[in-house]
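Student: model the following, please.
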Amino acid sequence: MGLRLYQEHMLEHTRSAMDHFIEPLVYPLLGNHLFAVGFILLSGYLLGRVAQKVGLPEITGFIIAGLIAGPHLGGVIQQQVKADLQLLTELALAIIAFTVGTNVLRSTLVRVGRSVVLLTAGHILGGLLLVTAALAVLGLPFSVALLMGVLAGGSSPGTVVAIVESVRARGPFVDHLFGVVALATAVTITAFGVVLAFLPVIARVEGGAQLPLAATITRALSDVGLSVLTGAAGGGVLYFSTRRFAPGNRSIIFTIAILLFVTSLALAYDFSTLLSNMTLGVVYINLAQNPLGVMQTIRSWSPPLYAVFFVLAGAKLDPAVVTDAAVLLYGSVYVAARIAGSYLGTSAASRLCSTTSEIRKYMPLCLVPQAGVVLGLVLVLEDAPILDTLPAPLAAALVQLVTITLLAVLIKEIVGPPISAFALKRGAETGNA
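Tutor: Below is the predicted model of the structure:
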């Protein structure tokens with residue numbers, strides 16, 4: 001007994017000495033923003049590579065890096081540092097929305113035609129109806145269930161592109177897939193912005209908020225309109241100012257400046273930064289005859305900003321949610337209802353437009369992964385000014401929505417890519433046979 005007490009005393013003494021020696025060296029670094037950004041980039045890169053080695057998308061590694069290093073586990077990324085890096089996350093969101101907008105080309109919509117529009121509508125409506133109904137039945141407020149139903153329409157463009165490149169798939173199946181992903185993402189961003197703007201109206205109908213109906217509707221419409229007008233004006237300025245630029249420093253400076261101006265206007269006047277920047281991308285890409293300089297700028301800035309954004313997103317995920325029965329239930333039902341709704345809706349749409357059986361069977365499975373844009377949308381909710389206008393229970397449910405979606409995205413980014421790769425191989429191989 002005496003020996004064991006002595007050993008425990010020496011172990012405690014050693015730990016105390018180590019803490020006394022290590023704390024002065026480590027703690028100053030933990031509060032240093034340059035160290036935090038460097039750690040975020042390096043850990044994101046390393047775990048992103050590990051994820052790719054085991055057949056998962058890079059973004060899954062980013063999220064796991066944030067989960068490990070976040071305040072709930074490793075403590076390397078502290079709460080104050082996360083708050084102070086808001087500028088980088090806002091810029092990353094702006095680039096994500098702008099990039100989605102640049103995929104909405106008039107020529108693409110004309111080329112893929114009616115079938116892609118109907119497939120997209122089936123995917124979005126199927127997920128919207130089934131997710132909203134399932135979560136409302138489980139007890140979530142209708143407005144929160146509706147927002148999650150809107151989120152169900154979003155896909156993961158980056159993951160889909162990575163899977164297509166990894167299996168070297170080509171042909172009509174892939175053309176339809178890219179069309180559906182781009183259009184569904186654009187519609188999801190727009191619908192989310194509209195529903196969020198009208199949330200006080202929906203809350204009033206639910207009976208939880210005593211707000212003037214006419215004034216609320218007018219404010220919601222003006223928010224959507226101002227978002228679109230701001231983005232359209234920014235797209236026009238970007239086009240006319242850079243149309244003679246070659247790829248280089250001037251293009252980089254001007255493009256980033258326009259993105260920051262549009263984002264700051266949206267933040268200053270409380271309307272949708274995502275809708276504004278997506279409109280900016282749509283207007284610019286459909287005006288520009290030679291968008292090479294601007295698009296190279298976006299591609300050069302995207303990787304480090306995406307890494308910072310998704311690592312910080314992972315840091316928001318508290319591992320304790322796995323012990324929260326409600327979050328696990330809502331997250332599991334959301335995942336299952338989204339997959340089932342997308343499959344039913346896309347299959348029904350494919351019969352209407354008489355597409356191939358490969359598209360009907362395998363296209364919905366290619367849309368299972370969900371990250372990028374959806375994470376951006378839910379993280380907007382945390383600091384959305386509209387939360388201050390809602391009843392406290394509804395605002396708390398919206399904050400809980402962020403945790404549910406983060407958990408669901410992590411699940412789908414782990415199980416989704418293998419499912420999508422299988423479906424893509426089958427759809428592309430049999431469709432091109």
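
Student: tabulate the CA atom coordinates of stretch 388-403 in CSV.
Tutor: Taking C-alpha atoms only, stretch 388-403 is exported to CSV below (Å, rounded to 0.1, in the frame of the first residue of the first chain):
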residue,chain,number,x,y,z
ASP,A,388,-33.4,38.5,-32.7
THR,A,389,-36.9,38.9,-34.2
LEU,A,390,-38.1,35.4,-33.4
PRO,A,391,-39.5,33.9,-30.2
ALA,A,392,-36.8,32.4,-28.0
PRO,A,393,-38.0,28.7,-28.4
LEU,A,394,-37.9,29.1,-32.2
ALA,A,395,-34.5,30.8,-32.2
ALA,A,396,-33.1,28.0,-30.0
ALA,A,397,-34.6,25.3,-32.3
LEU,A,398,-32.8,27.1,-35.2
VAL,A,399,-29.5,27.0,-33.4
GLN,A,400,-30.1,23.3,-32.7
LEU,A,401,-30.6,22.9,-36.5
VAL,A,402,-27.0,23.8,-37.0
THR,A,403,-25.8,20.9,-34.8
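
Student: and it, which residues are buried?
Tutor: Thr389, Leu390, Leu394, Ala395, Ala397, Leu398, Gln400, Leu401, Val402, Thr403 (16 or more other CB atoms under 10 Å). Placement of C-beta: from N, CA and C, glycine included.

Student: which strand or helix spans the last one?
Tutor: Here Thr403 is covered by helix 392-432, with elements defined by DSSP states H and E.

Student: for that helix, enumerate the helices and strands it packs against.
Tutor: Contact here means 3 or more CB pairs under 8 Å, 6 or more residues apart in numbering; DSSP states H and E; on that basis helix 392-432 packs against helix 58-69, helix 142-151, helix 157-167, helix 172-197, helix 325-352, helix 357-366, helix 372-382.

Student: reformat these as CSV; add mean pLDDT.
Tutor: Converted to CSV, the helices and strands packed on helix 392-432 look like this (pLDDT from 0 to 100):
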stretch, mean pLDDT
helix 58-69, 82
helix 142-151, 88
helix 157-167, 68
helix 172-197, 78
helix 325-352, 87
helix 357-366, 82
helix 372-382, 73
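
Student: mind checking which of the ones you listed is nearest Val415?
Tutor: With distances scored as CB to CB, the stretch of the helices and strands packed on helix 392-432 nearest to Val415 is helix 325-352 (8.6 Å).

Student: which strands and helices lie in contact with the closest one?
Tutor: helix 106-137, helix 357-366, helix 392-432.

Student: ok, now with 10 Å
Tutor: helix 106-137, helix 142-151, helix 172-197, helix 357-366, helix 392-432 (3 or more CB pairs under 10 Å, 6 or more residues apart in numbering; DSSP states H and E).

Student: about what we covered before: between the buried residues of stretch 388-403, which sits nearest Arg360?
Tutor: Leu401 (31.9 Å).
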